[in-house]
Structure formats: C-alpha cells, structure tokens
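Peer 1: Got a predicted structure plus its sequence, pasted below:
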Amino acid sequence: MPLFDSLFNFARWLTRNKEEAEDLVQETYVKALKGFGSFQTGTNFRAWMFRILRNTFLTSRAGLAAQKTVYLEEEEGLPGDAQGMSTTETPETILLERMDEQTMQTAIGELPTTLKEVLLLCEVEEMSYQEMSEALAIPMGTVMSRLSRARAALRKALSAKVREA
Amino acid sequence: MRCDEYRDRLDAYIDAELSPQEMSAVEAHLKTCELCAAEVPLQSRLKREVRLAGKAYAPSLEFRRRVEAAIAPPKKASRFRLWVPSLAMAAVLLIAALFGWNQVRPRSDATLAELVDMHVATLASASPVDVVSTDRHTVKPWFQGKIPFTFNLPELKDTGFTLVGGRVSYIQQQPAAQLLFQVRQHKISVFIQQERASGSVGDTAQSAFTVRSWKNAGLQYWLVTDANPQDAEALQKLLKSAS
C-alpha cells in the first residue's frame, strides 16, 4: 500500500501510542476509499492522504486532548531572536555532538502537535512547503512560521536536555 | 536587506524553497556574515538528525495485513458495486500491496498493471497532460514527430465526453499516445500504440477499473477508467467511428 509506512510513522508520532496509531491509519485508508471519488485531479495525493489522517486524528479523543494543550502561537510572529537562536550561548555544535538519537526523539515527541507535525512532514517526509500547506490545510506563510518556530523550540529543548544530562 | 531579514530566510534557504535569485542573494550575504554562515551547517545538521530520529516507527506485518483485508473489495460484490468510484482506490492500494508497483508479472497482467498504474499516476499528477486542449485539432497534430504513427479523434460535441489533453507515454518500452478524456467527474485514459503480436489485455474488470482493449487499422487501443462500463463503451464506439 502506498504511503503505509510513512502514514504509520506519522500517526505514531501524533498519538504516541501504537494501538491508537494503528486505529488512525486504518481509519485513514477506509476514509480514503470512501472519498476517492472526491479526490481532485491535479491535487497532491500524498498531501491528501496525510490530510485525511491528520483530520481524523484531530477529531479523535487523543487529538482533542492534544488540542487542549495546544501551544499558543502568534502565527505571523517574526522568527529571529525570539525563536531562540542562541548563537551567543554554548556552541550548539558541541551540544549536538553530545546528543544521541534517544534525546532527539524525546525532544521531538515533547513538541506541541502543531510544531511536531510540520517538522516531521518537512524533515522525515521531505514535503515541500506547498505540500505541507495542502496536508495541514494552512497557508504557506503559516507553514514557514510554524516550521521556524518548531526548529527553534527543538533546539531549545535539545540544549536543555543535553545540559541536564 | 538587513542581517535579521536574511536570517529569517535561512529556513527556506536550507529547505531549498527560495527562488534562484533569492538563493543567490542569501549566498552572497553568507559570504559576508559569519553569524548567518555559522547557522547553515548547524541547521543542516539538525535537519539531518531530525530525519534520522523521526523515522522511528514501522508498522507490523500483522497490522499491514489487517488493513489490506479491511480495504479489500468484497468478494461477492454485485457487478454494479465493482464500478463504484471509491473502490477504484481499493484497486490502487491492492495492486500496490499485492504486486508492488513495478514487480514482474505475466505479460498481459504486467501490461494491465502498467496501464492502470499510468492512469492512476495521471490522476495524481499536478500536470496530467503535456498538451492541454479540448480541441482534437490541436491535440492530434501535437503528437506529430513524437510518436511513429497517427490516429484520428472523434467529434465529441454533445456526447458528454470532453478531451482534456494528451501526453506521450511508453508501454513496455514502446511509445504510445495517452489521451485523457473526462465524463462527468471521471477521467478516462486512452492509450494508443502500434499493433504488436501480443500485448492485448482484453476487456477486464479485475482491478475495479474498466479496461477496454481493441485493435483498429494497425493500432492497439487501451482505455482505462473508473467510470462505469457504459461510459467506457460509449467512448470506445466514438473512437472506433473516427478511425
């Protein structure tokens, strides 16, 4: 099945639970089947599938719970200093050297859903901004600001974790 | 542009989302700004680490089989239900699941799968055709010099069918004309190729797509669609009448 592994990985990150991820993926395929007639030629199939999965997640119990703890963001806020580019602090290259995969996974897992999803679609699925805009149903400008925010939040979290260790 | 404005563009620069002009402008700035230049390898490294760590979970084989079973078309479905468009998706998923997209299959099955694959790829493509026109007098000449044969197209006025356009495709390494038609919300691909000793797949519904195959005036025609068989037959008649 096309995209099966990718959709499961994404679902697992969103739900943080194997059984819920499986339910989510299965429901996504069933919904895709039912809705294939409405699939518009010229739209991106992968983005369409991820969008179904994400919408299904957002209306699930886990998704609703995740939204309650949603990260309050200023969508059009400027990235930059406020985004935690800590060039004057401990060199992050050194921090990255000390970081292992487990630390990175914990840091990604702890990101708010809105930031985690954009980061995973960009880095793991290697989606373009346009594809992410379609998959997440948000404007391109919001994709860019969220991505910038996600990276900054991740760096901040990683720095804290490595220093704690 | 100020340094912090360039810095705001570093994400898009690293993601290769800037225009060539913007890329050049950022690159020029990086040569003169150590702070920004130091960010690039750091962000690239972070991007790579997230990619590696982010591919963390794989579905189990048991779960994969469960989903395959859940989306399989019912075995005793009525003939009508086989043509319900939603099941076209099941066919796509099942073909991929059972055969993989490019695995070797018996010749006629391989041709059928190849045709369905191309039709589905066309549906999913952002630019499904290379010549966009509803005018048969534009589409047909476009193929001249691109394929080693010519063909005729019927007048479609008042038939319910519209010509969307065409592109050159290859079926079993041989050039073919792919024409895309539309009837209501359904797309129909018609593939035309020079006739060969084998390669006909016959009319079939195995994959939940209607596939029609016929030969005429030394040419091999295939029609692939998720529209109902009556629509397929109607278009087939129109094409035959034009030959």
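Peer 2: Looks like it arrived, so ask away.
Peer 1: Where does pLDDT dip in chain B?
Peer 2: B:73-110, B:196-208, B:243 (pLDDT under 70).
Peer 1: For it, just list every one of the strands.
Peer 2: B:131-132, B:161-171, B:174-183, B:186-194, B:210-216, B:219-225 (DSSP state E).
Peer 1: which of the ones you listed is buried the deepest?
Peer 2: Highest mean neighbour count of these: strand B:219-225, a mean of 24 (counted as mean count of other CB atoms under 10 Å in any protein chain shown). All C-beta atoms are positioned from the backbone trio N, CA, C, and that covers glycine.
Peer 1: Return the list of strands paired to that one, each annotated with direction.
Peer 2: strand B:186-194 (antiparallel), strand B:210-216 (antiparallel) (DSSP bridges).
Peer 1: contacting residues around residue B:59?
Peer 2: Taking CB atoms under 8 Å, 6 or more residues apart in numbering or on different chains, we find residue B:59 in contact with A:4, A:5, A:8, A:22, A:25.
Peer 1: which residues sit in contact with residue B:192?
Peer 2: So residue B:192 contacts B:149, B:151, B:176, B:177, B:179, B:219, B:220, B:221, B:222 (CB under 8 Å, 6+ apart).
Peer 1: And those, which is closest to residue B:67?
Peer 2: Nearest to residue B:67 among the contacts of residue B:192: residue B:222, at 30.5 Å, using CB to CB.
Peer 1: excluding its backbone neighbours, what's nearest the closest one?
Peer 2: Closest residue to residue B:222 apart from its sequence neighbours, by CB to CB, 6 or more residues apart in numbering or on different chains: residue B:191 at 4.3 Å.
Peer 1: Same question for residue A:3.
Peer 2: residue A:49 (5.4 Å).
Peer 1: export the helix or strand hosting the one you found as CSV, just CAs?
Peer 2: Element membership of residue A:49 [criterion: DSSP states H and E] is helix A:45-58. Output for helix A:45-58, consisting of C-alpha atoms alone and laid out as CSV, is shown next (Å, rounded to 0.1, in the frame of the first residue of the first chain):
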residue,chain,number,x,y,z
PHE,A,45,-2.2,12.5,-3.5
ARG,A,46,0.3,12.2,-0.6
ALA,A,47,-0.8,15.5,0.9
TRP,A,48,-4.4,14.4,0.5
MET,A,49,-3.7,11.2,2.4
PHE,A,50,-1.8,13.0,5.2
ARG,A,51,-4.6,15.5,5.4
ILE,A,52,-7.2,12.7,6.0
LEU,A,53,-5.0,11.2,8.6
ARG,A,54,-4.5,14.5,10.4
ASN,A,55,-8.2,15.4,10.3
THR,A,56,-9.0,12.0,11.7
PHE,A,57,-6.5,12.5,14.4
LEU,A,58,-7.8,15.9,15.3
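Peer 1: helices or strands up against that helix?
Peer 2: helix A:4-15, helix A:18-35, helix A:61-68, helix A:129-136 (3 or more CB pairs under 8 Å, 6 or more residues apart in numbering or on different chains; DSSP states H and E).
Peer 1: Any buried residues in that helix, and which?
Peer 2: A:45, A:46, A:47, A:48, A:49, A:50, A:51, A:52, A:53, A:54, A:56, A:57 (16 or more other CB atoms under 10 Å in any protein chain shown).
Peer 1: Would you mind measuring from the closest residue to the second one other than its chain neighbours to residue A:155?
Peer 2: To tie it back to what came earlier, the one meant is residue A:46. Closest residue in space to residue A:46, ignoring its immediate chain neighbours: residue A:3 at 6.2 Å, by CB to CB, 6+ apart. Between residue A:3 and residue A:155 the computed distance is 29 Å (CB to CB, to the nearest Å).
Peer 1: For chain A, which element, helix or strand, carries the lowest mean pLDDT?
Peer 2: Ranked by mean pLDDT, DSSP states H and E, the helix or strand of chain A with the weakest confidence is helix A:61-68, at a mean of 70.
Peer 1: Who are the packing partners of the helix or strand just after that one?
Peer 2: Next along the chain after helix A:61-68, taking DSSP H and E as the criterion, comes helix A:92-98. If contacts are counted by 3+ CB pairs under 8 Å, 6+ apart, helix A:92-98 sits against helix A:140-164, helix B:34-54.
Peer 1: who wins for proximity to residue B:169 among the ones you listed?
Peer 2: Going by CB to CB, the one of the helices and strands packed on helix A:92-98 nearest residue B:169 is helix A:140-164, 32.2 Å.
Peer 1: Now do the contacts for the residue positioned nearest the centre of chain B.
Peer 2: When CA atoms, centre = their mean is applied to chain B, the residue found nearest the centroid is residue B:121 (1.2 Å). For residue B:121, no residue meets the contact criterion (CB under 8 Å, 6+ apart).
Peer 1: which residue is nearest the middle of chain A?
Peer 2: So for chain A, CA atoms, centre = their mean, it's residue A:117, sitting 1.1 Å from the centre.
Peer 1: I'd like the domain boundaries of chain B, if you could list them.
Peer 2: B:3-50, B:57-104, B:107-242 (automatic domain parsing).
Peer 1: possible to save these as TSV with distance to residue A:102?
Peer 2: Output for those, formatted as TSV (distance: least, CB to CB, whole Å):
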stretch	distance to residue A:102
domain B:3-50	12
domain B:57-104	14
domain B:107-242	37
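Peer 1: Please work out which of the ones you listed is packed deepest.
Peer 2: Most buried among the domains of chain B, counting by mean count of other CB under 10 Å: domain B:107-242, with a mean of 18.
Peer 1: before we move on, back to that, which of the helices and strands packed on helix A:45-58 is buried the deepest?
Peer 2: helix A:4-15 (a mean of 22).
Peer 1: related to what we said a few turns ago, which among the buried residues of helix A:45-58 gets closest to chain B?
Peer 2: residue A:45 (4.0 Å; CB to the nearest CB).
Peer 1: I'd like the distance between the closest one and residue A:3.
Peer 2: 8 Å.
Peer 1: list residues touching both of these two?
Peer 2: By CB under 8 Å, 6+ apart, no residue touches both residue A:45 and residue A:3.
Peer 1: Enumerate every residue touching the closest residue to residue B:44 other than its chain neighbours.
Peer 2: Nearest residue to residue B:44 in three dimensions, chain neighbours excluded: residue B:14, at 5.9 Å (CB to CB, 6+ apart). With contacts defined as CB under 8 Å, 6+ apart, the neighbours of residue B:14 are B:40, B:43, B:44, B:47.
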